[in-house]
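1. Test case, fold it:
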Amino acid sequence: MGIPALIERLEKATGPDARLDTDIMIALGQWTERDWWSFDYQKHTPSNLTSSLDAAIDLMEKVLPDAQVLIGFKQTEETLPWARVGKWNAPDATGRTPAIALCIAILKALKERHP
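-> Numbers count the residues shown, from 1 in each chain. As a prediction, this is how the structure comes out:
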């Protein structure tokens, strides 16, 4: 699955999603399909990327070791977590949770670096 498709899925996510966590890890080369072949998505979340800000920050440090991160809340019709990874004018990302917003920002930063 490509980065644009993952960004779209994350933007539509209503909360943490173990399948998205796994798809991100595979797309970014952190796991192979063999790493999760027998994994039960309903009982466990091995990476917790969409539920844990710490896990998302750990991933960012692996795939974008020189990047800086900004995290806050964006006032819209509803207040949403917001994140930006990279230079000050990097694309903004909003998501249902701070972890989801950061995952989107990581993927957007990678997409900018490797179009």
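2. could you point out which element follows the lowest-mean-pLDDT helix or strand in the chain?
-> When each helix and strand of the chain is scored by mean pLDDT, DSSP states H and E, helix 33-36 comes last, with a mean of 58. Counting by DSSP states H and E, the next helix or strand C-terminal to helix 33-36 is helix 53-63.
3. Tally up the residues packed near residue 68, please.
-> By the criterion of other C-beta atoms under 10 Å, residue 68 has 12 neighbours. To be clear about C-beta, it is placed using only N, CA and C from the backbone, and glycine gets the same treatment.
4. how close does it get to residue 61?
-> Noted for residue 68: a distance of 11 Å to residue 61, by C-beta to C-beta, to the nearest Å.
5. Over to residue 14?
-> Here residue 14 is placed at a distance of 27 Å from residue 61 (C-beta to C-beta).
6. Now do the contacts for the spatially most central residue of the chain.
-> For the chain, the residue sitting closest to the mean C-alpha position, by C-alpha atoms, centre = their mean, is residue 103 at 1.6 Å. The contact partners of residue 103, by C-beta atoms under 8 Å, 6 or more residues apart in numbering, come to 10, 20, 24, 49, 50, 56, 59, 95.
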